[in-house]
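In: predicted structure and sequence below. I'll ask about it afterward.
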Amino acid sequence: MSITSFRKEQQTNLPHYEERVDLACALRWTARLNMHEAVANHFSLAVNADGTQFLINPNMVHFSRVKASDLVLVDANDPTTMERPDAPDPTAWGLHGGVHRLVPHARCVMHVHSVHATVLASLADSTLPPIDQNSAMFFRRQVIDENYGGLAFEEEGERCAKLFADPKQKVMVMGNHGVLVIGDTVAETFDRLYYFERACETYIKALWTGRPLRVLSDAVAETVGRQMDNYPVASAARHLQQLKLILDEEGSNYRN
């Protein structure tokens with residue numbers, strides 16, 4: 001069977017195939033960018049109307065090896081999920097299940113311990129100031145969890161989910177932990193995760209210099225954030241499309 005025929009068969013037989021492909025691509029690129037945590041951390045995507053049924057990466061599989069068919073479909077309202085032989089990691093169930101259960105507008109959820117975002121989460125003041133265009137994108141669009149209570153099992157996951165009360169806030173800096181990013185699609189959420197990590201890297205390296213920061217005014221920072229919210233080109237979708245094309249050209253099996 002040719003690769004094209006195999007992929008067509010996959011599309012016919014595998015539910016939510018295109019969504020799986022997008023999620024597998026995002027996982028692989030996160031590993032390539034060294035924003036992963038080996039076999040830990042998780043990405044999820046809601047596939048039903050109320051957001052409670054979602055795809056998530058399988059338990060203890062390295063981000064760089066996840067394929068479309070590996071993604072596990074679970075229901076945030078099903079208490080027997082963790083009894084399944086293909087049950088997700090307990091912290092994935094606790095954190096992502098909590099978000100998909102309590103935050104309907106969080107269609108896609110990405111949680112990582114990427115280096116620079118985690119450094120930010122380790123500072124006494126974990127606010128990302130608007131010191132450049134990338135960081136201004138997140139002005140007043142981030143929420144900070146100040147009350148880390150341990151691994152994200154169900155109680156901790158639900159506590160974190162409740163912090164997304166303001167729909168405008170799409171990034172949670174998880175104090176003493178990492179970062180959680182939400183969005184409408186895989187493309188939008190991955191793009192947000194990518195640029196937040198870039199913005200954190202710029203900020204952390206600016207702090208290294210020990211020199212005063214050139215912080216934008218609230219008015220300008222809000223203008224940039226609003227402009228990015230309403231950007232006329234679907235840049236996030238094109239970003240993910242380009243990543244998929246690169247993987248395809250390399251002969252990656254992420255679509256399988």
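Out: Okay, I see it.

In: output whichever strand or helix holds residue 224 as CSV - backbone C-alpha positions only.
Out: Assigned by DSSP states H and E, residue 224 belongs to helix 218-229. Extracted in CSV, the C-alpha atoms of helix 218-229 (Å, rounded to 0.1, in the frame of the first residue of the first chain):
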residue,chain,number,x,y,z
ASP,A,218,0.1,50.3,29.5
ALA,A,219,-1.7,52.1,26.6
VAL,A,220,0.8,51.0,24.0
ALA,A,221,1.0,47.4,25.4
GLU,A,222,-2.8,47.1,25.3
THR,A,223,-2.8,48.4,21.7
VAL,A,224,-0.3,45.7,20.6
GLY,A,225,-2.3,43.0,22.5
ARG,A,226,-5.5,44.1,20.8
GLN,A,227,-3.8,44.3,17.4
MET,A,228,-2.5,40.8,17.7
ASP,A,229,-5.9,39.6,18.9
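
In: sketch out the helices for the protein, chain order is fine.
Out: For the chain, applying DSSP state H gives helices covering 3-13, 17-32, 90-102, 115-121, 133-136, 154-161, 186-209, 218-229, 235-249.

In: packing partners of the shortest one?
Out: Read it as helix 133-136. Under the contact definition 3 or more CB pairs under 8 Å, 6 or more residues apart in numbering; DSSP states H and E, helix 133-136 sits against helix 186-209, helix 218-229. In short, each C-beta sits where N, CA and C put it, glycine included.

In: looking at those, which is buried most?
Out: Comparing these by mean neighbour count (mean count of other CB atoms under 10 Å), helix 186-209 ranks first with a mean of 20.

In: could you dump that one to PDB, C-alpha only?
Out: This file holds the C-alpha atoms of helix 186-209, laid out as PDB (Å, rounded to 0.1, in the frame of the first residue of the first chain):
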ATOM      1  CA  VAL A 186      -4.200  23.400  18.000                       C
ATOM      2  CA  ALA A 187      -2.700  26.000  15.700                       C
ATOM      3  CA  GLU A 188      -3.700  29.000  17.800                       C
ATOM      4  CA  THR A 189      -2.600  27.400  21.100                       C
ATOM      5  CA  PHE A 190       0.700  26.200  19.800                       C
ATOM      6  CA  ASP A 191       1.400  29.600  18.300                       C
ATOM      7  CA  ARG A 192       0.600  31.300  21.600                       C
ATOM      8  CA  LEU A 193       2.800  28.800  23.500                       C
ATOM      9  CA  TYR A 194       5.700  29.400  21.100                       C
ATOM     10  CA  TYR A 195       5.600  33.200  21.300                       C
ATOM     11  CA  PHE A 196       5.100  33.200  25.100                       C
ATOM     12  CA  GLU A 197       8.300  31.100  25.500                       C
ATOM     13  CA  ARG A 198      10.100  33.400  23.100                       C
ATOM     14  CA  ALA A 199       8.900  36.400  25.100                       C
ATOM     15  CA  CYS A 200      10.000  34.800  28.400                       C
ATOM     16  CA  GLU A 201      13.400  34.100  26.900                       C
ATOM     17  CA  THR A 202      13.800  37.800  25.900                       C
ATOM     18  CA  TYR A 203      12.800  39.000  29.300                       C
ATOM     19  CA  ILE A 204      15.000  36.600  31.200                       C
ATOM     20  CA  LYS A 205      18.000  37.400  29.100                       C
ATOM     21  CA  ALA A 206      17.200  41.200  29.500                       C
ATOM     22  CA  LEU A 207      17.300  40.600  33.300                       C
ATOM     23  CA  TRP A 208      20.700  39.000  33.000                       C
ATOM     24  CA  THR A 209      22.200  42.300  31.700                       C
END
